[in-house]
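In: just to be clear, the model below is a prediction. Sequence and coordinates:
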Amino acid sequence: MAGLASAGPTTAGLASAPLRSAGERQGNTRRYLMCRPDHFTVSYRINPWMHPEDPTDTSLAVQQWESLHAAYLALGHDIELIEPGAGLPDMVFAANGGFTLDGIAYGAKFTHPERAPEGPAYMDWFRDAGFRVIEPEFVNEGEGDIMLVGDTILAGTGFRTDPRSHDEVRRVFDREVLSLTLVNPSFYHLDTAISVLDPLSGDAAANIAYLPEAFDADGNRLLEQRYPDAIRVSTEDAAVLGLNSISDGRNVVIAARAVGFDAQLRERGYHPIGVDLSELLLGGGGVKCCTLELRS
Ligand code: ARG
């Protein structure tokens, strides 16, 4: 984030503070699945961000998505692509296509009929890529609501994913699954309210960033207990989907407009990289939404 490095009193103050250097954190290369937004537009409304009456610019969406793609390649990540489906404007939001771990792909079953065909399309891709595919019994929107933190799976519900799928995930992956209830319709997927910062570390070291007001009281208690050292972001940063980010343990790709979160990450020794996905934000999605991690 070249522009932000020199901006504002907070960042200037930080430059002289005795910070843990970013070099101490270790990034690991990852494998991600993405879908070019060739058919992106906003033609229906299934979240409060979407306004079908307003115009969208598909070529700008593609251009911004290309910059995210390029940022991942520059970090050394392996990127796989799935063919975008005509008539599936939200298919660019690959995170919702499923959840993979241990070579198993738990398929998605979408809440809204507009996105339903994406479930089988992603499952076909996983099958072709050699994953053991588990067809879901219950509604779930993949990594949008199912996130791996260390050895624990955080699972969201409230707007999209059926809590019964949390038990399904527990059975399929034989991991601890913590259920969290979302309460703010603007943060309708777990990945709009939580960012996993060091996904590979053991539970003791694993950390997250989150927006407390996106969760009910039980959720907040649980998050405070499990992640006492978590970054709590401002409403302003969450409102540009700043939490909807991808970390490799060191480099955190975030919304360029999430200036406060950028500073919080730097204070902790992470290396934030800002990208502008303003056009995709019109669909209610950001960096993480465009990215599905492939864990074989
Ligand atoms: N328009 C899409 C929907 O409402 C956006 C999905 C964003 N994806 C995410 N992982 N949060 O379903």
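Out: Nice, thanks for sending it over.
In: how about low-confidence regions in the stretch 151-296 of the chain?
Out: 199-205 (pLDDT under 70).
In: what about the strands in it?
Out: Secondary structure of the stretch 151-296 of the chain (DSSP state E, counting those that start in this stretch): strands at 152-157, 176-181, 194-196, 208-210, 231-232, 246-247, 251-255, 271-275, 292-293.
In: of all these, which lies closest to the ligand?
Out: Nearest to the ligand among the strands of the stretch 151-296 of the chain is strand 292-293 (9.0 Å), distances taken as CB to the nearest ligand atom. From N, CA and C alone the C-beta is placed, and that goes for glycine too.
In: so which elements touch that closest one?
Out: Here strand 292-293 touches strand 31-34, strand 98-101, going by 3 or more CB pairs under 8 Å, 6 or more residues apart in numbering; DSSP states H and E.
In: highest mean neighbour count out of those strands?
Out: Most buried of the helices and strands packed on strand 292-293, by mean neighbour count (mean count of other CB atoms under 10 Å): strand 98-101, with a mean of 27.
In: mean confidence score for the helix or strand following that one?
Out: Per DSSP states H and E, the first helix or strand lying C-terminal to strand 98-101 is strand 104-107. Averaging pLDDT along strand 104-107 gives 98.
In: alpha carbons only: can I get strand 104-107 in CSV?
Out: Only the C-alpha atoms of strand 104-107 are listed here, as CSV (Å, rounded to 0.1, in the frame of the first residue of the first chain):
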residue,chain,number,x,y,z
ILE,A,104,-11.9,-33.2,0.8
ALA,A,105,-14.2,-30.7,-0.7
TYR,A,106,-17.5,-30.1,1.1
GLY,A,107,-19.8,-28.7,-1.5
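In: that strand packs against which elements?
Out: Counting contacts by 3+ CB pairs under 8 Å, 6+ apart, strand 104-107 is packed against strand 98-101, helix 118-128, strand 132-134, helix 164-173.
In: around the ligand, pick out the residues from this protein.
Out: Contacts of the chain with the ligand, taken as CB under 6 Å from any ligand atom, map to 46-47, 50, 90, 93, 95-96, 115, 144, 189, 191-192, 283-285, 289.
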